[in-house]
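In: can you look at this prediction? I've put the sequence above it.
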Amino acid sequence: MISIGIEQLIAESPAWITGQRLGLLCNQASTDRYFTHSRDLIMQAFPGQLTCLFSPQHGFFSEKQDNMIESAHTTDHVTGLPVFSLYGDTRKPLPEMFESLDMLLIDLQDVGTRVYTFIWTVVHCLQVAAETGKTVVILDRPNPVGGAIVEGNLLHNEFRSFVGLYAIPMRHGLTMGELAMLCNLEMGINAQLQVVKMAGWQRSMFFADTGFPWVFPSPNMPTPLTALVYPGQVIWEGTNISEGRGTTLPFELIGAPFIDIHHLLKQIKDIPLPGCVLRPICFEPTSGKWSGQRCFGVHLHVTAPLQFLSYRTSLALLQAIIRLYPEQFAYKQPPYEYEYIQLPMDMILGDQHLRMALEQGEDLLALERSWQDELAAFEGLRSAVFLYR
């Protein structure tokens, strides 16, 4: 079993933390292997030093269901400490929120996908830390979809938003600590940043390989398998196709009342989609899109994680649905993650031209080949920040 950053911090009790006033960015998934919360571990190991808490999107208890559902500042009922919401009145901490701390500890479970907002909350914290002369310490955790496989096109600068502030691919293959280092350097933030590394984690590991218990970091990320399909399946957030919210299998299921699943599967039969089975299914969401209506679609079963390409699989389904159902299919309209002009799909894909190419029926594998050069350049950037080889 691996040992994660918070466990390493408590075990090592490094001299650099002595006497420092500490803040902690966390949520209910910030626990050790015994499900003890990080704030409790820190208060026990460094008594009197923890002064405040911060929470990301979905709230301190990961209770908020969807995007643009805000959390208010509150008081932690366990410790009596203030909890500053970084997904409410502001998504970037105000400088005065850092007045009571010298060092911000960050212990969040990321899911390895560009559009998952936790890393961009971290980037905002780095920016304010640089402005105020504070130190940020990432207590590293596994990338649940591994550190070896990278997928997708890079974000184009004109589509920067809270679901992507820097040009990385959809599936980036970095831990939160590594990605924070990359952004701190390449975005020119230059905050005082250090990472408490995990022990025993290897880049080839999926979450199931770590032996570590999974605690859901957001309401619709209930299992590591959800995280595995998410780099592709998240695109359905930008459409009127249900991504399975309101079911027990969010992102593993997709569908809509107007889909003929056998026609859909026939449409994509010649595209190589390794490592998975698309099983025809009917489901009825209890909330969200098509709530209370029968949706026809697929249950995405991952059979070989090392071969599975989530982004390709979901783009193939999207292109087929656009082609088969031009009258019924629709894109979600703004707002999306506090952007009121850009089409949400363009923000999610990070590239308007990709969306238009899919609409025009361009060959998906040729599109993949077109972004290999930028992926190769990104590989050079990411390998420079590897903490685990």
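Out: Sure, I can see it.

In: shouldn't Pro173 be within a helix?
Out: No, residue 173 isn't Pro; it's Gly. No. Gly173 is assigned coil when assessed by DSSP: H, G, I helix; E, B strand; the rest coil, not a helix.

In: do you know the pLDDT at the closest residue to it other than its chain neighbours?
Out: Nearest non-adjacent residue to Gly173, counting by CB to CB, 6 or more residues apart in numbering: Val150, 4.5 Å away. (C-beta placed from N, C-alpha, C; glycine too.) Val150 carries a pLDDT value of 97.

In: what is the burial count for Val150?
Out: Other residues lying near Val150 total 20 when counted by other CB atoms under 10 Å.

In: check whether it really touches Ile168, as I assumed.
Out: No. Judged on CB atoms under 8 Å, Val150 makes no contact with Ile168 at a distance of 9.1 Å.

In: find the residues that touch each one of these two.
Out: Both Val150 and Ile168 are in contact with Phe378, where contact means CB atoms under 8 Å, 6 or more residues apart in numbering.

In: for Glu379, helix, strand, or coil?
Out: Applying three-state DSSP: Glu379 is helix.

In: that one and Val196, how far apart?
Out: Taking CB to CB, to the nearest Å as the measure, Glu379 falls 25 Å from Val196.

In: higher neighbour count, those two?
Out: Ranked by neighbour count (other CB under 10 Å), Glu379 and Val196 place Val196 first, with 22 against 13.

In: which ones are touching that one?
Out: Contact analysis of Val196 by CB under 8 Å, 6+ apart lists Gly5, Ile6, Gln8, Leu9, Val137, Ile138, Leu139, Asp140, Gly177.

In: could you dump the residues you listed to CSV with pLDDT, neighbour count and secondary structure?
Out: Listed next are the contacts of Val196 as CSV, based on pLDDT from 0 to 100; neighbours: other CB atoms under 10 Å; DSSP: H, G, I helix; E, B strand; the rest coil:
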residue, pLDDT, neighbour count, secondary structure
Gly5, 98, 24, helix
Ile6, 98, 27, helix
Gln8, 98, 17, helix
Leu9, 98, 21, helix
Val137, 98, 24, strand
Ile138, 98, 27, strand
Leu139, 99, 27, strand
Asp140, 99, 25, coil
Gly177, 98, 27, helix
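
In: any chance of those residues in TSV, plus distance to Tyr116?
Out: Output for these, formatted as TSV (distance: CB to CB, whole Å):
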residue	distance to Tyr116
Gly5	18
Ile6	20
Gln8	24
Leu9	23
Val137	21
Ile138	15
Leu139	18
Asp140	16
Gly177	15
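
In: sec struct for Phe84, please.
Out: Three-state assignment for Phe84 (three-state DSSP): strand.

In: in terms of pLDDT, where does it sit?
Out: Listed pLDDT for Phe84 reads 97.

In: again, but for Asp66
Out: We have a pLDDT of 79 for Asp66.

In: that one contacts Gly246, doesn't it?
Out: No. Contact between Asp66 and Gly246 fails when scored by CB under 8 Å: they sit 10.4 Å apart.

In: shared neighbours of those two, anything?
Out: By CB under 8 Å, 6+ apart, Asp66 and Gly246 have these common neighbours: Gly288.

In: of the two, which one has the most company?
Out: Of the pair Asp66 and Gly246, Gly246 is the one with more neighbours under other CB under 10 Å, namely 21 against 14.

In: distance of the more buried one from Ala129?
Out: 38 Å.

In: next: Leu278.
Out: Leu278 sits 44 Å away from Ala129, going by CB to CB.

In: the more surrounded of the two?
Out: Between Leu278 and Ala129, counting by other CB under 10 Å, Ala129 is the more crowded of the two (23 against 19).

In: what's the more buried one in contact with, if anything?
Out: Residues near Ala129 by CB under 8 Å, 6+ apart: Phe98, Leu104, Thr135, Val136, Ala191, Gln192, Leu193.

In: 10 Å - rerun?
Out: Residues near Ala129 by CB atoms under 10 Å, 6 or more residues apart in numbering: 93, 95, 98, 101, 103-104, 135-136, 184, 189, 191-193.

In: ditto for Ala180
Out: Going by CB under 10 Å, 6+ apart, Ala180 touches 106, 110, 119, 122-123, 125-126, 136, 138, 140, 174, 189, 191, 193-195, 385.

In: same question for Phe212.
Out: Counting by CB under 10 Å, 6+ apart, Phe212 makes contact with 1-4, 7, 32-33, 141-142, 144, 198, 200-201, 205, 224.

In: same thing with Ser383?
Out: Ser383 is in contact with Gly173, Leu174, Glu178, Arg389, counting by CB under 10 Å, 6+ apart.

In: hang on, the second one packs against Ala384?
Out: No. In this structure Leu174 lies outside contact range of Ala384 using CB atoms under 10 Å: 11.1 Å.
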